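Undergrad: This is a predicted model, with the sequence first.
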Amino acid sequence: MGPMCIDPKPPNHVSIYKTRNLMRFLISKLTLSAIVLLFFIDNKVQAQGFLRAEGKKIVNEKNENVLLRGVGLGGWMLQEGYMLKIQNEGQQYRIRERIADLMGERQTQEFYDMWLNNHTRKIDIDSMAAWGFNSVRLPMHYNLYTLPVDKEPVAGENTWLEKGFALTDSLLKWCKANNMYLILDLHAAPGGQGNDLNISDRDPSKPSLWDSEANQKKTVALWQKLAERYANEPWIGAYDIINEPNWGFQDPEKDRNGLKEQLNAPLKKLMVEITAAIRSVDKKHLIIIEGNGWGNNYNGILPQWDNNMALSFHKYWSFNDPGSVGSMVKLRDQYNMPIWLGETGENSNVWFTEAIRLFENNNIGWAWWPLKKIGANNPVEIKSNLNYDDVVRYMNGRGNKPKESNAYSGLMELAAYTKLESTVIHRDVIDAMMRQPFSAETKPFKKHIIKNNTILKAVDYDLGRNGIAYFDKDTADYHVSTGKYTAGNKGRVYRNDGVDISRDSAKYETYYVSSMEAGEWLQYTFEVAKKGIYTLKLNVASDKGDAKLSLSINGGSVTKAIAVPNTGGLKNFQTLEIRNISLNSGKQTLKVFSDTGYFNFSYIQFAE
């Protein structure tokens, strides 16, 4: 990708920081021949100090409302299978065991050491601050901080491991340098806190968090250790004490994930014990609790038992209407305590923009999930490689066991690719999160200077909201609300808007807009170098011959509906010439409309 220029504009009621559109400096690290060019934004917190609950708001030490805008570092300390494209046995311990089966324990350890070193670094946090985020949520795996109970040399004792604390200290240092709050989140508790196994890296053959008093005691001790270490650190924003418990206490067979749980007594008991342990060494930090059923079932848990506490909800794949946050707002009002969206995301740009506008209109801070993974619907995409693809096929039961040397090469290359400089930064995602919720303005996706024979790629339509920069009928996944899965971008490549984009299988880095339906359109803003009469050559493909398209320039229609030729298949592209198009010099806006039918669209070439 080319240079990124993201211009987030927070709403006026957000008092946590000012945004000014100033280019600060160029980060120039070269890794695997990749260059990341970042335009930095002054993102300073107006008033520093510990966060706390003040009635329904999270405030700083000047009693100013703080709206947290953050991202979770999922996949760093704790890998979930889907982030690595692994569908079978996606718990981290099983992924690690199967990697060791492929290439041995020594090389497996080498991979995980490189993964931890590369995945999250100062450049990642600097970049998040530059893009407009003011907080980071750290999903912690307990096994980086302490031994599992069954591996303790002395039963009931706690062996503390420096690795996790050192990683956290470094992350805190980077956050402090950027005036960003760091929220500690126990994502994988000892034994595992739910029946959704991948989330907490749970081994179902061993006692869970809820089946083992030793696991519960270790969890309490870990939080006391963390609180003791960070008690006087104001840039630690909060302690998110148990991520997404999902356990059926009353009816474990029919309600495995605790969605219908009415009492939640063991969950509340443990959270009360953790709170007491934290408060024995730390009176200052905000404590965040999560309900059962992946963070949303608070039956039997409230009222709060501490005067500096907030509720966390997690929201995925539901409508972004007032009703979708109604239960959260009701609890906030009923118990006079703040709420925070600790996890949300994994959808399209349309959904992101809708959700953030909804949250912030209700003064609800948020943390997106996650910053980076293999896949295109996050701010940062980790690139795969051919040898790693073979590892994935094998682990998913669709390929042969790769050679040890190939597996090692693929996994080490993947670990190298986790460095930000080697990733794909999706500026359309960042723009949808940081600018589009508050601005209806469109912006060029890339800088286009139109000269004789210039080619403008169809996939490089403008940045902006659906209905303003483009229009697509299938824009997001709302299956929790509708019961029906919809993909948004069906191809799941290049961009994360509703527009369907496919990759040319013969030319891996070549993309085209696919499945343009009647009523859909794309807008392109560009600069014309010289006024003149141009022929526009549209590269299109159709398999029926019933498709028609039309063009408009600067809002005025310049063509009637023109038939798209039947090219004999949706991958057989041909040129459709549209002659005598008058273009003035300077900034121009072109729209391509699908009037009827169904066709694919690759590029426009401008010829004088």
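TA: That came through fine.

Undergrad: Please count neighbours and contacts with C-alpha atoms only from this point.
TA: Fine.

Undergrad: Return the list of helices and strands in contact with the host helix or strand of T168.
TA: Secondary-structure element containing T168, defined by DSSP states H and E: helix 162-177. Under the contact definition 3 or more CA pairs under 8 Å, 6 or more residues apart in numbering; DSSP states H and E, helix 162-177 sits against helix 122-131, strand 181-188.

Undergrad: Just the CA trace of the last one, in PDB.
TA: Spelled out, it's strand 181-188. Taking Å, rounded to 0.1, in the frame of the first residue of the first chain, the C-alpha atoms of strand 181-188 are listed here in PDB:
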ATOM      1  CA  TYR A 181      -4.200   4.100  28.600                       C
ATOM      2  CA  LEU A 182      -3.400   0.400  28.900                       C
ATOM      3  CA  ILE A 183      -6.200  -1.900  30.100                       C
ATOM      4  CA  LEU A 184      -5.100  -5.300  31.400                       C
ATOM      5  CA  ASP A 185      -7.500  -8.100  30.400                       C
ATOM      6  CA  LEU A 186      -7.100 -11.600  31.800                       C
ATOM      7  CA  HIS A 187      -8.100 -13.400  28.600                       C
ATOM      8  CA  ALA A 188      -6.900 -16.900  29.500                       C
END
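
Undergrad: residue ranges of the strands in the stretch 301-450 of the chain, please?
TA: Counting by DSSP state E, counting those that start in this stretch, the stretch 301-450 of the chain has strands at residues 309-315, 339-345, 365-369, 372-373, 380-381, 424-425, 449-450.

Undergrad: so where's the stretch 301-450 of the chain uncertain?
TA: Judged by pLDDT under 70, the stretch 301-450 of the chain has no weakly predicted residues.

Undergrad: And the helices in it, which stretches?
TA: Using DSSP state H, counting those that start in this stretch, the helices of the stretch 301-450 of the chain run over residues 326-335, 349-361, 386-395, 404-417, 427-434.

Undergrad: what does the stretch 1-150 of the chain give?
TA: 92-103, 105-119, 122-131.

Undergrad: Could you find the closest non-adjacent residue to I274?
TA: What sits nearest to I274 in space, not counting adjacent residues and going by CA to CA, 6 or more residues apart in numbering, is V220, at 4.9 Å.

Undergrad: my guess is that neighbour meets R279, correct?
TA: No. V220 is beyond contact range of R279, at 11.5 Å (criterion: CA atoms under 8 Å).

Undergrad: These two: who's more crowded?
TA: V220 (22 against 18; other CA atoms under 10 Å).

Undergrad: What about E509, how many residues nearby?
TA: The burial count for E509: 9, using other CA under 10 Å.

Undergrad: With V391 as the reference, measure out to it.
TA: As judged by CA to CA, to the nearest Å, E509 and V391 stand 22 Å apart.

Undergrad: now do Q436
TA: For Q436 relative to V391 (CA to CA), the value is 38 Å.

Undergrad: most packed of the strands of the stretch 301-450 of the chain?
TA: strand 372-373 (a mean of 28; mean count of other CA atoms under 10 Å).

Undergrad: Which elements pack onto it?
TA: strand 380-381.

Undergrad: For the strand it packs on, which strands pair with it and how are they oriented?
TA: Strand pairing for strand 380-381, using DSSP bridges, gives strand 372-373 (parallel), strand 424-425 (antiparallel).

Undergrad: chain center to stretch 534-553, what's the gap?
TA: Put simply, stretch 534-553 sits 35 Å off its chain's centre (CA atoms, centre = their mean, to the nearest Å).

Undergrad: which of the residues in it are buried?
TA: Of all the residues in stretch 534-553, those buried under the rule 16 or more other CA atoms under 10 Å are 534-545, 547-553.

Undergrad: and if you look at stretch 217-229?
TA: Per 16+ other CA under 10 Å, stretch 217-229 contains these buried residues: K217, K218, T219, V220, A221, L222, W223, Q224, K225, L226, A227, E228.

Undergrad: Okay, angle between the helix or strand where the second one lies and strand 181-188 too, please.
TA: What that stands for is K218. Element membership for K218 (DSSP H and E) is helix 213-230. Note on geometry: by axes from the mean of the first three to the mean of the last three CA atoms, to 10 degrees, helix 213-230 and strand 181-188 are set 170 degrees apart in direction.

Undergrad: Check which helices and strands helix 213-230 sits against.
TA: Short answer (3+ CA pairs under 8 Å, 6+ apart): helix 213-230 packs on helix 265-279.

Undergrad: quick revisit: for my notes, please list the strands paired with strand 380-381 in a markdown table and give distance to L386 for each entry.
TA: Converted to a markdown table, the strands paired with strand 380-381 look like this (distance: least, CA to CA, whole Å):
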| stretch | distance to L386 |
| --- | --- |
| strand 372-373 | 17 |
| strand 424-425 | 17 |
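
Undergrad: nearest to F50, of the ones you listed?
TA: strand 372-373 (28.1 Å; CA to CA).

Undergrad: neighbouring contacts of the closest one?
TA: For strand 372-373, contacts defined as CA atoms under 8 Å, 6 or more residues apart in numbering pick out L73, G74, G75, M83, L84, N378, P379, V380, E381, I382.

Undergrad: If you rank those by neighbours, which is first?
TA: N378 (29 neighbours).

Undergrad: hang on, that one packs against E346?
TA: Yes. Look at N378 against E346 with CA under 8 Å: they come within range, at 7.2 Å.

Undergrad: Now the common contact residues for those two.
TA: W369, P370.

Undergrad: Can you tell me which helix or strand of the chain has the lowest average pLDDT?
TA: Lowest on mean pLDDT, DSSP states H and E among the helices and strands of the chain sits strand 34-35, with a mean of 32.

Undergrad: still on that earlier bit, in a markdown table: the helices of the stretch 1-150 of the chain, plus distance to K443, mean pLDDT and mean neighbour count.
TA: Formatted as a markdown table, the helices of the stretch 1-150 of the chain follow (distance: least, CA to CA, whole Å; pLDDT from 0 to 100; neighbours: other CA atoms under 10 Å):
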| stretch | distance to K443 | mean pLDDT | mean neighbour count |
| --- | --- | --- | --- |
| helix 92-103 | 41 | 98 | 18 |
| helix 105-119 | 31 | 98 | 17 |
| helix 122-131 | 16 | 98 | 21 |
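
Undergrad: which one of the ones you listed lies closest to N406?
TA: Of all the helices of the stretch 1-150 of the chain, helix 92-103 comes closest under CA to CA, at 9.2 Å.

Undergrad: by how many degrees do that closest one and helix 386-395 diverge?
TA: 110 degrees.

Undergrad: got the CA positions of helix 92-103 in CSV?
TA: Extracted in CSV, the C-alpha atoms of helix 92-103 (Å, rounded to 0.1, in the frame of the first residue of the first chain):
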residue,chain,number,x,y,z
GLN,A,92,-3.2,-22.3,21.4
TYR,A,93,-1.9,-25.3,23.4
ARG,A,94,-3.1,-27.6,20.6
ILE,A,95,-1.7,-25.4,17.8
ARG,A,96,1.6,-25.5,19.6
GLU,A,97,1.5,-29.3,20.1
ARG,A,98,0.8,-29.8,16.4
ILE,A,99,3.6,-27.4,15.4
ALA,A,100,6.0,-29.3,17.6
ASP,A,101,4.8,-32.5,15.8
LEU,A,102,5.8,-30.9,12.5
MET,A,103,9.2,-29.5,13.4
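
Undergrad: Run the chain-centre distance for that helix.
TA: 26 Å.

Undergrad: Check which helices and strands that helix sits against.
TA: Contacts defined by 3+ CA pairs under 8 Å, 6+ apart place helix 92-103 against helix 105-119, helix 404-417.

Undergrad: Run the angle between the last one and helix 92-103 for me.
TA: Helix 404-417 and helix 92-103 meet at an angle of 130 degrees, taking the same axes, to 10 degrees as the criterion.

Undergrad: What is the distance between helix 404-417 and the centre of its chain?
TA: With CA atoms, centre = their mean, you get 24 Å for helix 404-417.
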